[in-house]
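**Student:** Fold the following for me, if possible:
(2 chains)
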2 protein chains.
Amino acid sequence: MSEQGASIIALLQMNPTVGDITGNAQRLERFVQTAKASGAVVSVSTELAICGYPPRDLLMQSSFVELAQQSALSLDVEIPSLIGTPTLPEHARGKPGNGVALLGNQAPVKIVARKQLLPTYDVFDEARYFDSDDRPGIARTLSGSLELGVTVCEDAWQVAGETPSEYDADPIEQLAEWGRQGVNLDATVNLSASPYHANKIQTRLHVARTAAKTLGHPFLLCNQIGGNDDLLFDGRSLAAWPSGDVVVAPAWEEGILLVDINNPQATFWVSLEETHGELVHYAPHETGEERGDVLEELADAVVLGLRDYCQKSGIERIVLGLSGGIDSAVAACVAAQAVGAKNVLGISMPSRFSSQHSIDDAKHTAEALGMEYASISIDEHHANLEQHLSEMLEHGAKVAQENIQARLRGILVMAHANAQGRMAIATGNKSELAQGYCTLYGDMAGGYTPLGDVYKMEVYGLAEVFNRRAMAQGREPPVNDSTLTKPPSAELAPNQRDDDTLPPYETLDSILKYHIEQGLGAEAIAKHGFDPSVVVSVLQRLEANEHKRWQMAPAPRVSSRAFGQGWRHPLASKHDWRR
Amino acid sequence: MSEQGASIIALLQMNPTVGDITGNAQRLERFVQTAKASGAVVSVSTELAICGYPPRDLLMQSSFVELAQQSALSLDVEIPSLIGTPTLPEHARGKPGNGVALLGNQAPVKIVARKQLLPTYDVFDEARYFDSDDRPGIARTLSGSLELGVTVCEDAWQVAGETPSEYDADPIEQLAEWGRQGVNLDATVNLSASPYHANKIQTRLHVARTAAKTLGHPFLLCNQIGGNDDLLFDGRSLAAWPSGDVVVAPAWEEGILLVDINNPQATFWVSLEETHGELVHYAPHETGEERGDVLEELADAVVLGLRDYCQKSGIERIVLGLSGGIDSAVAACVAAQAVGAKNVLGISMPSRFSSQHSIDDAKHTAEALGMEYASISIDEHHANLEQHLSEMLEHGAKVAQENIQARLRGILVMAHANAQGRMAIATGNKSELAQGYCTLYGDMAGGYTPLGDVYKMEVYGLAEVFNRRAMAQGREPPVNDSTLTKPPSAELAPNQRDDDTLPPYETLDSILKYHIEQGLGAEAIAKHGFDPSVVVSVLQRLEANEHKRWQMAPAPRVSSRAFGQGWRHPLASKHDWRR
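**Tutor:** Next comes the predicted model:
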């Protein structure tokens, strides 16, 4: 058991970059230094901190695993530290482990744990990469006398019933059983890379409290923050006690959670960013519903996703098409906050179907944000192409005619991207992408789709958030009333309105959420009060447009279930097994 | 043990469509009828025949699994039949099984086996979808007295050491052990969906012979044929005897392999297609290297992939850009064979950088194939856009200038696709896609990329194959000498040649193959006699262009290792851990 004063554990809430082993190693060393200087006697990293999560198929290259493990084991640290790293296979025809190295202790460095439960669903595919261990780890005699149980992310979720299917083992139960048999642990730590989605904190509180109660000692979870490709991690590392008390670190920022395992009140946050969040103490009865503004959080999430994608890829400047509509206005707000307004170029590209208010609204957004702005008419190019193809188009090829405009805009946006070293972003939202109400190689062109997992009505909500933020800084709201209140239109044909084709977005979003997030079929959705024929047409469009999503740029995952991110199926969508 | 004359087993080499449960069920019933009429006493389907392989995330919808299992169990068959189907989870929080239903026997229908070894690497991710069983299946007293061991695909591969990592169990060894303990089996069957790649027959012969020898009785493998999304299956169902004799069914066609398990010489093929392949008997010493022409087979593979993608998606007509270069010429040959030349439109879209021979060569290919042809100059549109963007482009934005042309062509191809209900195909090959020597939303535009997993030098080989095929039918060779012999050029700038940017394709292809197919790093590749700086630049371009491949249309998998098919990573490519 621990001595008085020797019980402060540092959770290193870090933002690693996938594949940047050298950079992550240096960052880890700095974090551990700060932890030591702040009085910690032990430090704990996030899952696979040395290589970043998710490393995906990099793990299939043995030289990558070798370099990662070697780098983790040779970190220069002055306090005992538990560092997440892939580990070399245990035998010749084995897979790597998702492991935890112990270094900085008196004993020689070693791997003290390998993840037991390998999530292989949704965005996870760990059974592809790792062999599992059959027991949890223990880190002994740290700083003289501290004894810790060591688990990795999913290992702690089975006990709370928060996994979609059951595993054969339960690492938390195993540790609890060892405790009953006389193994005295001071706390159990959990190295995590638990992705964000709205309200996930409620699930994590349940997991942490269940673990702490089952174990009969504090449970400390260190979670990754930052965006890596399409996955966002919110941080919110936490410490839970058997009493049900939980202290949660801020979201969306790097820092160190200093936990005195003997005293929930003596928990501190050392922020390593300019903006400083605050700790949240949850009393035993609080479920997490009480706190936070979902839209504010969503705004932070999509900004972080784009910011990290750019920073980690070496992209400094962004270009996007500004139509005067709500999606591109909000995408511009996201871009301006992610890389700085001066690094964002918005291009208005009117055709003869564009209304004057759209041109004005686009300009307003650009000026209010302080970003670069250009207006380039596509009218002449559009007319030339139409004339050139007139014979083919005169037979009422409506979609072909509309797409020509969207694709001309794609050319112009990409020309600016290529000529000026900018990344183009696609401005589509989840609702319209789900319906295929978008043009492949047109408005879908871009390296990243910041709103691609955000429903249309949430885009309106984000507009209000960015307007409030602007006003709080004494600036003009970037999304004006005209943009907020006019009926959504693609403006690719005279007097076109989105609701000529789609149900009103309130209805569409609800139907999509029931289907995508809750997995309901047409019949079950209609029972919630929707016209069955509308539901069927929404689901048919969803299936039929799988093909477009196969070719979609990465979109940050912010919902409990996204589409178009890895396990897609254009062909099957043609065969309606629901008949 | 079986009686004389009651030992003919039919392997149903079928082409199912993923998701089309109703259609697959009807097809299975017809196959079983034909098998019975041909004298079979038992029939065996491919893996998951009822829903097609790979069903991917459709398996995560419980109503899909339910409908599939129900359809399999209620098939109308008149001889005992072993049918591959997903099976409902064994318990409330379990996953489905990859199972085998036995029906048409005296006893009530039931599930007799569930796959034990779940491949979760490369194109497979079965641990994501299935729970595994802990023992192989046995189908008893079929047609009175036949007793069969029942395994599913990967189950038979462990014993031959042909899996990338080791499983805990070995189903073939388990069956052999049961045999030693007195369980008398007449044969073991294996329901497979084993994808094609060049020379894979050698591996399958090794697997089948090892299984038959280990078991001490015949081993019968029934393999899927056809293309489903990006995966191709070559069929080649087989029967192997402990002696080492193997009889292999034809590739690329549907049919029934009738196996008399007591007599390797009495094996028959009932073709269900117009073209009739022949059985191949392999004597015990033959490894498979001796047979077949790799390029002829590759041509069949890419044609089948495109044909099935179109047929199964309800696509009848194709459009593609014809540059006069080798790639689009060969893509046109593939398209013409896949959907019929009269359903293919090739468009030549010269700019001021296009040579007259390119225009002539494009026209030649179209005419020789008998496909539709159009020539649409992009010169005026190109000039207009350049003038419009002149200020930006005058600072030497070479890539931006080149891409404008490729993207204008993309607009024209897509306009024809949208207006005429055609699918556009992208004409790029694996070598240039690997190097990013292609334009996103330009020549990469299309719904399918038939040559996307074919190296450049293989594209030349395919040209010879299609020319030979044309000549054999008394037609003019579609790929003329000019196309075959001129230096490859993108013709996006004056006097441009591919080898201004890339190494010669012979060199490039070799380097890429060492890296992609064999997993070698720069140092190891250079040891094969390449300039180290060339190798490094090739690998750097490969990493840097991961982003484009994220947005690539499906390409049929024909090599032992493809890229860009599911487990991709644009972000990590920016951080060179190989430093």
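**Student:** so how many other residues sit close to the closest residue to A:E154 other than its chain neighbours?
**Tutor:** Distances taken as C-beta to C-beta, 6 or more residues apart in numbering or on different chains put A:L117 closest to A:E154, at 4.2 Å, once the chain neighbours are dropped. For the C-beta atoms, the positions are set from N, CA and C on the backbone; glycine is no exception. Other residues within reach of A:L117, judged by other C-beta atoms under 10 Å in any protein chain shown, total 23.
**Student:** Now do the contacts for A:L117.
**Tutor:** By C-beta atoms under 8 Å, 6 or more residues apart in numbering or on different chains, the contact list for A:L117 reads A:S132, A:E154, A:D155, A:W157, A:Q158, A:T163, A:Y167, A:A169, A:P171.
**Student:** which SSE is the first one in?
**Tutor:** In this case it means A:S132. Taking DSSP states H and E as the criterion, A:S132 maps to no regular element, lying outside all helices and strands.
**Student:** quick one: it and A:P119 touch, right?
**Tutor:** No - the pair A:S132 and A:P119 does not pass the contact test of C-beta atoms under 8 Å, sitting 10.8 Å apart.
**Student:** what do these two both touch?
**Tutor:** Applying C-beta under 8 Å, 6+ apart, one finds that no residue jointly contacts A:S132 and A:P119.
**Student:** packing partners for the longest helix anywhere in chain A?
**Tutor:** If you go by DSSP state H, chain A has its longest helix at helix A:398-420. The contact analysis (3 or more C-beta pairs under 8 Å, 6 or more residues apart in numbering or on different chains; DSSP states H and E) places helix A:398-420 against strand A:318-321, strand A:344-348, helix A:379-388, helix A:390-393, strand A:423-424, helix B:390-393, helix B:398-420.
**Student:** from these, which stretch is densest packed?
**Tutor:** Of all the helices and strands packed on helix A:398-420, strand A:318-321 carries the top mean neighbour count, a mean of 28, counting by mean count of other C-beta atoms under 10 Å in any protein chain shown.
**Student:** Give me the helix or strand of chain A that scores worst on average pLDDT.
**Tutor:** Least confident element among the helices and strands of chain A, by mean pLDDT, DSSP states H and E: helix A:546-550 (a mean of 81).
**Student:** so which strand or helix has the spatially most central residue of chain A?
**Tutor:** In chain A, the residue lying closest to the centroid (C-alpha atoms, centre = their mean) is A:L232, at 2.0 Å. Under the criterion of DSSP H and E, A:L232 resides in strand A:231-234.
**Student:** Could I get the helices and strands packed on helix A:398-420 in a markdown table, plus columns for distance to B:L539 and mean pLDDT?
**Tutor:** Below are the helices and strands packed on helix A:398-420 laid out as a markdown table (distance: least, C-beta to C-beta, whole Å; pLDDT from 0 to 100):
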| stretch | distance to B:L539 | mean pLDDT |
| --- | --- | --- |
| strand A:318-321 | 28 | 98 |
| strand A:344-348 | 33 | 98 |
| helix A:379-388 | 39 | 92 |
| helix A:390-393 | 44 | 87 |
| strand A:423-424 | 23 | 96 |
| helix B:390-393 | 31 | 87 |
| helix B:398-420 | 21 | 94 |
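**Student:** Which one, of the ones you listed, ends up nearest to B:V459?
**Tutor:** Closest to B:V459 of the helices and strands packed on helix A:398-420, according to C-beta to C-beta: helix B:398-420, at 18.7 Å.
**Student:** Backbone dihedrals for A:A463, both of them.
**Tutor:** Phi and psi for A:A463, reported as degrees, to the nearest 10, are phi -60, psi -40.
**Student:** re earlier: any idea which of the contacts of A:L117 is closest to chain B?
**Tutor:** Proximity of the contacts of A:L117 to chain B (C-beta to the nearest C-beta) peaks at A:T163, which lies at 8.0 Å.
**Student:** I figured the closest one hits A:C153, correct?
**Tutor:** No - A:T163 is beyond contact range of A:C153, at 11.0 Å (criterion: C-beta under 8 Å).
**Student:** what about these two, which has more around it?
**Tutor:** The neighbour comparison of A:T163 against A:C153 (other C-beta under 10 Å) goes to A:C153, with 28 against 16.
**Student:** who's in contact with that one?
**Tutor:** If a contact means C-beta under 8 Å, 6+ apart, then A:C153 has A:E47, A:K115, A:P119, A:N190, A:L191, A:S192, A:A193, A:S194 as its contacts.
**Student:** Each with direction, which strands does the helix or strand containing the fourth one pair with?
**Tutor:** Spelled out, that is A:N190. Using DSSP H and E, the element containing A:N190 is strand A:187-192. When pairing is defined by DSSP bridges, strand A:187-192 lines up against strand A:146-152 (parallel), strand A:219-223 (parallel).
**Student:** taking those together, which one is wrapped up most tightly?
**Tutor:** strand A:219-223 (a mean of 29).
**Student:** ok, back up a step: and which of the contacts of A:C153 is nearest to A:V32?
**Tutor:** A:V32 has its nearest neighbour among the contacts of A:C153 in A:L191, at 14.3 Å by C-beta to C-beta.
**Student:** my guess is the closest one contacts A:A72, does it?
**Tutor:** No - counting by C-beta under 8 Å, A:L191 does not reach A:A72; the two are 11.8 Å apart.
**Student:** any common contacting residues for those two?
**Tutor:** Contacts common to A:L191 and A:A72, judged by C-beta under 8 Å, 6+ apart, are A:G84.
**Student:** Between those two, which has more neighbouring residues?
**Tutor:** A count of neighbours by other C-beta under 10 Å puts A:L191 above the other of A:L191 and A:A72, at 32 against 29.
**Student:** Bridged to that one, which residues?
**Tutor:** A:V152, A:C222.
**Student:** which ones are touching it?
**Tutor:** A:44-47, A:49, A:82, A:84, A:100, A:150-153, A:222.
**Student:** With pLDDT as added columns, please give those in TSV.
**Tutor:** Below are these laid out as TSV (pLDDT from 0 to 100):
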residue	pLDDT
A:V44	98
A:S45	98
A:T46	98
A:E47	98
A:A49	98
A:L82	98
A:G84	98
A:V100	98
A:V150	98
A:T151	98
A:V152	98
A:C153	98
A:C222	98
